[in-house]
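A.B. asks: this is a predicted model, with the sequence first.
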Amino acid sequence: ICNRSFILKSYITQSELLQKVKGVDALVCVLTEKIDAELLDAAGPNLKVLSTMSVGFDHLSLEELKKRGIRVGYTPDVLTDSVAELTVALLLTTSRRLIEATHEAKSGGWGTWRTLWLCGYELANSTVGILGLGRIGVAIAERLKPFKVKKFIYTDVAPRPELASLIDAEYVSMDELASQSDFLTVCCALTPETKDICNKDLFSKMKNTSIFINTSRGGVVDQEDLYEALSSGQIAGAGLDVTVPEPLPTSHPLFTLNNCVILPHIASASYSTRNAMSALAANNLLLGLKGQPI
Ligand SMILES: O=C(O)[C@H](O)CO
């Protein structure tokens, strides 16, 4: 594509990347690579385009990229369906206790039919709260609506009437989101403002029958506070596709809890979506090098 090489990579360490990036004109990265001043300095002045195969961009130092005039591409939209679908799957898995149930069935815990055994919480007549309403939050709500959800509420830095009207969602404060939601799903980007925004303050205002779902970024949750909320019964359950760190060490206390379902960051992991993300990331890179809109 140009007389200098570029790196299309996925499985090298940050230190390998630092070595190999020198002199490239363009770079495709994924969300596990930290694109900061050190890496940009290592790349040097040839670097014109950075294309991340992700919708999240918390791994990019945008300020440093801007300072150097490097164009940045990302992959919104193409993963919305996949992430929304997985979020619904995780929500139902958590609220209907599917992991516990399959474990019981396999391990001999399945005795006679019992009235309250493995009971969970249903979506019908529930209030679903969305923390950070964007494309993905709307797509989640659209999928949940047929489950007879009574009401959608959301909070964000400001009301988003155009998006909210698509799902008939009401704008509420953070406190109201916490206290009214039967299911609270986190859909916001990780920024300095949203870091640890889901903490003991939020959990303490939630109902003890509520389910907390996060498919955005682990950094928006204070995991110690979440552990406390789950183990004390402050909230009923949590489903996480994202954690800090990733992978979450298998010795982490959250793994000891029956009411916490943890997935290894697979929200966009469908063949069609990952293909679309790859193609978009590659196109962004090519267009960027040609000076065209990305
Ligand atoms: O940021 C993204 O693209 C997602 O987290 C990938 O699943």
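C.D. replies: Okay, I see it. Residues are numbered from 1 along each chain as shown.

A.B. asks: the residue lying closest to E170 once chain neighbours are set aside in helix, strand or coil?
C.D. replies: Using CB to CB, 6 or more residues apart in numbering and skipping residues adjacent in sequence, the residue nearest E170 is I153, 5.0 Å away. Yep, even glycine has a C-beta here, placed from its N, CA and C like the rest. Counting by DSSP: H, G, I helix; E, B strand; the rest coil, the backbone at I153 sits in strand.

A.B. asks: what's the closest non-adjacent residue to T209?
C.D. replies: Leaving out its chain neighbours, T209 is closest to A236 (CB to CB, 6+ apart), at 5.2 Å.

A.B. asks: what sits against the residue nearest to E170?
C.D. replies: Going by CB atoms under 8 Å, 6 or more residues apart in numbering, I153 touches 127-130, 169-172, 176-177, 180-181.

A.B. asks: of those residues, closest to the ligand?
C.D. replies: When these are compared for distance to the ligand, the smallest value, 16.9 Å, is given by I130; criterion: CB to the nearest ligand atom.

A.B. asks: who is the closest one paired with across the strands?
C.D. replies: Under DSSP bridges, the beta-bridge partners of I130 are Y154, T185.

A.B. asks: any idea how far the closest residue to K48 other than its chain neighbours lies from T127?
C.D. replies: When the adjacent residues along the chain are set aside, K48 lies closest to D25, with 5.6 Å between them (CB to CB, 6+ apart). From D25 over to T127 the distance is 51 Å, taken as CB to CB, to the nearest Å.

A.B. asks: for the helix or strand harbouring L40, the distance to its chain's centre please.
C.D. replies: L40 is located in helix 37-43, with elements delineated by DSSP states H and E. When C-alpha coordinates are averaged (CA atoms, centre = their mean, to the nearest Å), helix 37-43 and its chain have centres 27 Å apart.

A.B. asks: spatially central residue in this structure, please.
C.D. replies: Compute the mean C-alpha point of the chain, and by CA atoms, centre = their mean the closest residue is S216, 1.8 Å away.

A.B. asks: go ahead and confirm that residue touches V186.
C.D. replies: Yes. If you go by CB atoms under 8 Å, S216 and V186 touch, sitting 5.1 Å apart.

A.B. asks: CA atoms of the helix or strand hosting T102 as PDB?
C.D. replies: For T102, the host element (DSSP H and E) is helix 98-107. This file holds the C-alpha atoms of helix 98-107, laid out as PDB (Å, rounded to 0.1, in the frame of the first residue of the first chain):
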ATOM      1  CA  LEU A  98     -28.200 -20.400  33.800                       C
ATOM      2  CA  ILE A  99     -24.600 -21.100  34.800                       C
ATOM      3  CA  GLU A 100     -25.600 -22.300  38.200                       C
ATOM      4  CA  ALA A 101     -28.400 -24.300  36.700                       C
ATOM      5  CA  THR A 102     -26.200 -26.200  34.200                       C
ATOM      6  CA  HIS A 103     -23.700 -26.800  36.900                       C
ATOM      7  CA  GLU A 104     -26.300 -28.300  39.200                       C
ATOM      8  CA  ALA A 105     -27.700 -30.500  36.300                       C
ATOM      9  CA  LYS A 106     -24.200 -31.800  35.500                       C
ATOM     10  CA  SER A 107     -23.000 -32.300  39.000                       C
END
